[in-house]
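J.: sharing a sequence plus its predicted fold:
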There are 2 protein chains.
Amino acid sequence: MKNSFNNRLKELCEFKNNRLCIGLDIDPVKSNIKITNSMSNLIDYTKDIIDVTIDLCPIYKMNLAFYECYGSKGYLWLEKVIDHIGNRALTIADGKRGDIGNTAKKYAESLFNYFGFDCVTLSPYMGVDSLEPFISDPSKGAFILCLTSNKSALDIQMKVYDGEPLYLSVAKLCKKINIKNNIGIVVGATKYKKMRQIEKNSLGLSWLIPGIGAQGGDIKSSIEIGNKSGVGIINVSRGILYYGNEMKDVLKATEMYTENIRRYL
Amino acid sequence: MKNSFNNRLKELCEFKNNRLCIGLDIDPVKSNIKITNSMSNLIDYTKDIIDVTIDLCPIYKMNLAFYECYGSKGYLWLEKVIDHIGNRALTIADGKRGDIGNTAKKYAESLFNYFGFDCVTLSPYMGVDSLEPFISDPSKGAFILCLTSNKSALDIQMKVYDGEPLYLSVAKLCKKINIKNNIGIVVGATKYKKMRQIEKNSLGLSWLIPGIGAQGGDIKSSIEIGNKSGVGIINVSRGILYYGNEMKDVLKATEMYTENIRRYL
């Protein structure tokens, strides 16, 4: 039987003794390291970031928007980045997809089989049948949006019905469909009380935790809460990519985050 | 001042005397018209479909999954399809995106500026700030998922709080943020009572109505309800693309749907 995604994630996190997920959201305009918009430059720069961090980093997250904004060339770049990572780390396609069966199947085919990602992020708004095509292969995983760290999370996710906020129903739903041990949830790092409430209802689910650094969440609580019911990985993008103006600063920031994470493991 | 998206849609729908949106979800495996997986063949085939239907069709919807599954080559195909349509019809990027501000901005930049789409579909799960970057330019539009026609719509969308189902809150939220007259909602064609309830709360919003044909919704109710508060467009993909085994059958199916739609306008 294939090893489940959640087990693969756990094993690799333990092997590298880390819970850091580096978000490869490359933006030449924001980078202090000199890069241009030329594709060969962007590809080399991304490969360098991977090479200096991969001994410490068990999983990379590619926010598809940052590649898509270069059109077909951006997707070619993405293909090269995934190839470069190979089996050395896991990869998340952060596209927050979610569509009816027919289409979801195409997306799953695309992200898992064509591009070779190990897991995806999904929006739960269309319900379980929109998630199913992504979770049929136990070795491939899905992180489903539960509670996000943006201000407008209260518009929909925090609506309460029958005494229960929507994000909690989503956590319970995810736990229910985690038959093959390949499901996780996205939980923003800024709301500790709510994180604790989710933790009690998400036994066995992996957590993907954005919101550290630029968005204000703290590592201690995120590691302690997010690693109780399953493996909780901490995503950092800007805090590592834009830390300094040389490639060695990328390594330095990665080491700092790693040290910080290990302190609470 | 730029013409608003909802006005542009209305004008083009009136000019072509139609409310048909053709979904260009090209799948060589399902097509009865002989096509291969070769890119040049796929591009020619899609251009032919556009050329035989564009006199009748005011707006085309590209489901991004069907292009993405070919990787970077698929996005090159998409670029060529949009170029081919040019100013002859409007285009919807059906990607059901939705992400935090930083990322949403990148997606908007990508879909509107790089690819040149006229509007997008979005998921509301992350709230208003995840939608804002898509609606700042009045001439570009966004159709936000409200009530979909899949079975699992009941998992999240139909949750009731304070006596109000989530899909209705979403409709009201969309109405509230429709300051620039460029917002629409996605309402599946299979639930008439709920469609009527949404209609009463969506004055001024355009509707994108999938679920006709293969999914069982009927045109009469969809046109009558969907065109009360704004312009309601009926999406048909499989019912046109796979109607017959020659290109003239694509035209025939388009004419049949058009005739049917005009009957109830």
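T.: Ah, there it is. Numbers count the residues shown, from 1 in each chain, chains lettered A, B, ... in the order given.
J.: rest of the way, CA atoms for contacts and neighbours
T.: Fine.
J.: got phi/psi on the nearest residue to A:Cys119 once chain neighbours are set aside?
T.: In this structure, A:Cys119 finds its nearest non-sequential neighbour in A:Gly141, 4.3 Å apart by CA to CA, 6 or more residues apart in numbering or on different chains. Main-chain dihedrals, A:Gly141, degrees, to the nearest 10: phi -120, psi 170.
J.: got it, and A:Ser38?
T.: Torsion angles, degrees, to the nearest 10, at A:Ser38: phi -70, psi 140.
J.: A:Asn41 too?
T.: Per degrees, to the nearest 10, the backbone of A:Asn41 is at phi -70, psi -40.
J.: pull out the buried residues from the longest helix along chain A.
T.: Ordering each helix of chain A by length in residues (DSSP state H) puts helix A:247-263 first. Across helix A:247-263, burial judged by 16 or more other CA atoms under 10 Å in any protein chain shown covers A:Met247, A:Asp249, A:Val250, A:Leu251, A:Lys252, A:Ala253, A:Thr254, A:Glu255, A:Tyr257, A:Thr258, A:Ile261.
J.: ok, back up a step: so the residue nearest to A:Cys119 versus B:Ile59, what's the distance?
T.: 36 Å (CA to CA, to the nearest Å).
J.: quick one, which of these two is more surrounded?
T.: Counting neighbours by other CA atoms under 10 Å in any protein chain shown for A:Gly141 and for B:Ile59 shows that A:Gly141 has the greater number, 28 against 25.
J.: contact residues of the stretch 151-265 of chain A facing chain B?
T.: With CA under 8 Å from any CA of the partner chain as the criterion, the stretch 151-265 of chain A meets chain B at residues A:Lys151, A:Ser152, A:Ala153, A:Leu154, A:Asp155, A:Ile156, A:Gln157, A:Lys159, A:Val160, A:Tyr161, A:Asp162, A:Leu166.
J.: phi first, then psi, for the residue of chain A most remote from its centre.
T.: Relative to the C-alpha centroid of chain A, counting by CA atoms, centre = their mean, A:Asp162 is the outermost residue, at 30.7 Å. When read as degrees, to the nearest 10, the backbone of A:Asp162 gives phi 50, psi 40.
J.: what's it in contact with, if anything?
T.: B:Val160, B:Tyr161 (CA atoms under 8 Å, 6 or more residues apart in numbering or on different chains).
J.: and it, how far from A:Lys193?
T.: The value you get for A:Asp162 to A:Lys193, if CA to CA is used, is 20 Å.
J.: try A:Asn6
T.: Distance from A:Asn6 to A:Lys193, by CA to CA: 25 Å.
J.: so for those two, which sits in the more crowded spot?
T.: Between A:Asn6 and A:Lys193, A:Asn6 has the larger neighbour count (other CA under 10 Å), namely 24 against 10.
J.: confidence score at the closest residue to that one other than its chain neighbours?
T.: Excluding the flanking residues, the one nearest A:Asn6 by CA to CA, 6+ apart is A:Asn182, at 5.1 Å. With respect to pLDDT, A:Asn182 has a value of 98.
J.: and A:Lys16, how many residues sit next to it?
T.: 15.
J.: same thing with A:Thr148?
T.: 25.
J.: equivalent analysis for A:Lys10, please.
T.: Neighbours of A:Lys10 (other CA under 10 Å): 20.
J.: go through stretch A:190-199 and flag the buried ones.
T.: Quick answer for stretch A:190-199 (16+ other CA under 10 Å): A:Thr190, A:Lys191, A:Lys194, A:Met195, A:Arg196, A:Ile198, A:Glu199.
J.: and the strands in the stretch 101-250 of chain A, which stretches?
T.: Taking DSSP state E, counting those that start in this stretch as the criterion, the stretch 101-250 of chain A carries its strands at A:119-122, A:141-147, A:160-161, A:164-165, A:183-187, A:206-209, A:232-236.
J.: any idea of the angle the second one forms with strand A:183-187?
T.: Between the axis of strand A:141-147 and that of strand A:183-187 there is an angle of 30 degrees, by axes from the mean of the first three to the mean of the last three CA atoms, to 10 degrees.
J.: could you list the residues in contact with strand A:141-147?
T.: A:5-6, A:96, A:118-124, A:134-135, A:153, A:157, A:167-168, A:170-171, A:174, A:182-188, A:206-208.
J.: tell me which element the closest residue to A:Lys248 other than its chain neighbours is part of?
T.: Spatial nearest neighbour of A:Lys248, excluding adjacent residues (CA to CA, 6+ apart): A:Val52 at 7.8 Å. Using DSSP states H and E, A:Val52 falls within helix A:39-53.
J.: now for that helix, which elements pack on it?
T.: Other helices and strands packing on helix A:39-53, by 3 or more CA pairs under 8 Å, 6 or more residues apart in numbering or on different chains; DSSP states H and E, are helix A:71-85, helix A:247-263.
J.: would you mind writing the CA trace of the following helix or strand past the first one as CSV?
T.: The reference is to helix A:71-85. Using DSSP H and E, the helix or strand that follows helix A:71-85 towards the C-terminus is strand A:90-97. Output of strand A:90-97 as CSV, limited to C-alpha atoms (Å, rounded to 0.1, in the frame of the first residue of the first chain):
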residue,chain,number,x,y,z
LEU,A,90,7.6,17.8,-0.6
THR,A,91,5.7,20.4,-2.7
ILE,A,92,2.4,22.2,-2.1
ALA,A,93,0.4,23.7,-5.0
ASP,A,94,-1.2,26.7,-3.3
GLY,A,95,-4.1,27.4,-5.6
LYS,A,96,-7.0,27.2,-3.3
ARG,A,97,-8.9,25.3,-5.9
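J.: quick one: mean pLDDT over strand A:90-97.
T.: In this model, strand A:90-97 has a mean pLDDT of 97.
J.: hmm, that strand in reach of chain B?
T.: Yes: Strand A:90-97 comes into contact with chain B (CA under 8 Å from any CA), by way of A:Gly95, A:Lys96, A:Arg97.
J.: adjacent strands (with direction) for that strand?
T.: strand A:59-63 (parallel), strand A:119-122 (parallel) (DSSP bridges).
J.: quick one on the thing from earlier: I'd like the residues of strand A:90-97 next to chain B as JSON lines, with neighbour count appended.
T.: Conversion of the residues of strand A:90-97 next to chain B to JSON lines gives the following (neighbours: other CA atoms under 10 Å in any protein chain shown):
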{"residue": "A:Gly95", "neighbour count": "22"}
{"residue": "A:Lys96", "neighbour count": "22"}
{"residue": "A:Arg97", "neighbour count": "26"}
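J.: who are the packing partners of the helix or strand bottoming out on mean pLDDT in chain A?
T.: None of the helices or strands of chain A scores lower by mean pLDDT, DSSP states H and E than strand A:160-161, at a mean of 84. Under the contact criterion of 3+ CA pairs under 8 Å, 6+ apart, strand A:160-161 touches strand B:160-161.
J.: that concludes my questions; thank you for your assistance.
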